[in-house]
Structures are given as structure tokens and as C-alpha cells.
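what follows is a protein structure lacking sequence information:
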């Protein structure tokens, strides 16, 4: 508006065309009245706000919250307003902290990874379902030792299971293991049977266990038992269908033997039964020593091959070194005796490079 009004060389119509502004809009903006500040029609009056502030500063009313001050205003007739208005006036005059919406305390993710470094320190249990051909539901309650990955115990119920079933299955498992339950932690989800008052009172009161629960709708907190259940259901030897409850029982019993006697990758390919008995560290250490010894033997074998001793390590008792050239039909002989075709005349590194193809065949 100021630019168009201050132009002397051009008319107002020409200035509007240069600025790509319509002439009608220019005159409408020019005669537009200034906007007045909007005020709510039911806004409290200044004397009412002063009365609320005075009540908020009164030492006799310091224990009253916004609802109490609202009631005080109505009873004394000094002001009439809602609780929210009293709250806003007090906050605006810094007589009360801003209102914060209360939030529920969220469950914390259970951290049991430190306990998983040793067997018999943390157990995890959960329930899964098998359906018979007749559509009858069979529930299997499984207990797994997370430290040794051993399938500890199980219980089978028809249709569903109760808190009493959980207590009975745990009594059988802990009596069978015979461990110090003071150092044992039990991890489960938040099912009604797992988090029931009777179950917690029994496991804590009788066995002195420490209970941990996964967060709601978060199966990743107890991913070990979930993976175990999937492995049991998708095992190669798992039947495609079950006709009776006894078939389910037989499969779970068979799977317990298969799983506990099968090397586990998370244990360094040690069997869960061996890890549960405390033999895992010794087995892994012995394997490291065997690998180191085998590596030293291989280095010595090829070092002597390089220096011209083809008969080294060619005896029957040499382990994996039997996969040499003599397994190939019509291959190179070990020591022809005439020294013409063996490729090793003791001349050193040059001869080794010259006869590399012969040595490669022998190494294979």
C-alpha cells in the first residue's frame, strides 16, 4: 500500500499491473478497517481474577487446590467460576505449578543376560498349544534353563491350565533339579496363570524365587522360550498331526531327549546336558587346545614339505592329513626313488616354486 501510494511516475492502475495486483483488491485493502482484538464474551472480569489471586495468596487457604478454591469462591460469594479457570489464573500468576497429566508407570524390560552366563540361574517358562484331529486343544507348559538351554521339565493339560497346574509343574521341576532356589530367577509373560496371586505366593513363599515378567504385548522380552517353542513345533521329526493326547505326550518326551543331546550354537556347539552339568567351559577349552595343536602340526608338515622331505606325515596315523594325493587314482607317488620326477632335489625355495603344481596335488 505504501509503495503504490508513493509512486509519482505511474498511476495507481499501472502500479497495480506491475505488482500483479488487481485494482479492486488494492482499494479494498486501502479502505479496510483495522481489526479489533477479540475477547471471549464470557471471560472473567478483572475484579474476579483479583479475587482469585487474593484467595490464592491467603495463608489460610494454602492447603486448598483448585477445586477447593472454587468451592471457597462459591461459598463466600467472592467469585463464581469453574475449576479450570481457577487453575489457569493461579498458573498465570505463578501461584501454582502447571498441571501435568498423570501417566501410568510403564513396566520395565527384564534384564537377565548377566544371569544367562551360568546354568541354573534363570528359568523361563511359557505355554503352547497343540490341536488334535478332533480339534481338541492340548496345552503344554514348558520350562527352559536359559543359562544351559536345557529343556528342564514340562506338563500337559487338556483345554487350559490353572495357577494350581503351574505350581505343581514347578514343584516337580525344582524337586527334580535339586538346586539352590535362592539364586534362581524365573522369567515369564503376564498371563493370568503366571502372574496370579496364588502362583506368586507359592513360588516366592515356598521356593524363595525371584520373579520377572515380560512387558505387555512384548514377546521379545522372553524371546528364548518363544524360539524354543517354534523349534519344537517345526522340528523335522515333529508329526504333522496328532490323534490322541498320548501322541502329544510322546512327541514332547522325544523332543526333550533330542534337544538336550543336540549341540547348541549359542553354547559353542556344546550339548545342553553337558552345559547344565558344568562341563561346557572344559569342552570348549579342550577344543581350542586341539585346534591349536592341529594348526602347529599342519605348519610343521608343510614346512618340511617345502624343505624337501616328502615322506613326512605320510603314515597311517595322521588324522585329517590322510586326504593327500594317494587318494587319487594314478596320482603322484610318494617317493619314486630315482629322484627324477619327484620335483624335490633339496635345492631350496626355487625348486618349490617350480614344482608348485606337484605340491598342490599332494596338499590336496
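Structure received. Note that the structure is a prediction, hence the values are computed from the model and not measured. Numbering: from 1, shown residues only.

quickly list the domain ranges of the protein.
115-276, 295-363 (automatic domain parsing).

count of neighbours near the closest residue to residue 173 other than its chain neighbours?
Excluding the flanking residues, the one nearest residue 173 by C-beta to C-beta, 6 or more residues apart in numbering is residue 153, at 3.7 Å. In short, each C-beta sits where N, CA and C put it, glycine included. By other C-beta atoms under 10 Å, the residues close to residue 153 number 21.

so what pairs up with residue 153 in the strands?
residue 143 (DSSP bridges).

so where is the protein shaky, pLDDT-wise?
The model of the chain has pLDDT under 70 over residues 98-99, 309-364.

would you mind measuring from the closest residue to residue 235 other than its chain neighbours to residue 154?
Excluding its sequence neighbours, the residue lying closest to residue 235 (C-beta to C-beta, 6+ apart) is residue 255, at 6.4 Å. To residue 154, residue 255 is 9 Å away according to C-beta to C-beta, to the nearest Å.

residue 72 too?
66 Å.

so residue 216 sits right up against residue 107, yeah?
Yes. Counting by C-beta atoms under 8 Å, residue 216 touches residue 107, with 6.9 Å between them.

those two: which is more packed in?
Counted by other C-beta under 10 Å, residue 216 and residue 107 do not tie: residue 107 has more neighbours, with 13 against 10.

burial measure for residue 11, as a count.
Around residue 11 there are 10 residues (other C-beta under 10 Å).

mind listing the strands for this protein?
Here the chain has its strands, by DSSP state E, at 122-131, 137-145, 150-158, 185-188, 210-213.

out of the ones you listed, nearest to residue 306?
strand 150-158 (48.4 Å; C-beta to C-beta).

how about that closest one: buried residues?
150, 151, 152, 153, 154, 155, 156, 157 (16 or more other C-beta atoms under 10 Å).

with distance to residue 286 added, can I get those residues in a markdown table?
Formatted as a markdown table, the buried residues of strand 150-158 follow (distance: C-beta to C-beta, whole Å):
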| residue | distance to residue 286 |
| --- | --- |
| 150 | 21 |
| 151 | 25 |
| 152 | 26 |
| 153 | 30 |
| 154 | 32 |
| 155 | 37 |
| 156 | 39 |
| 157 | 43 |
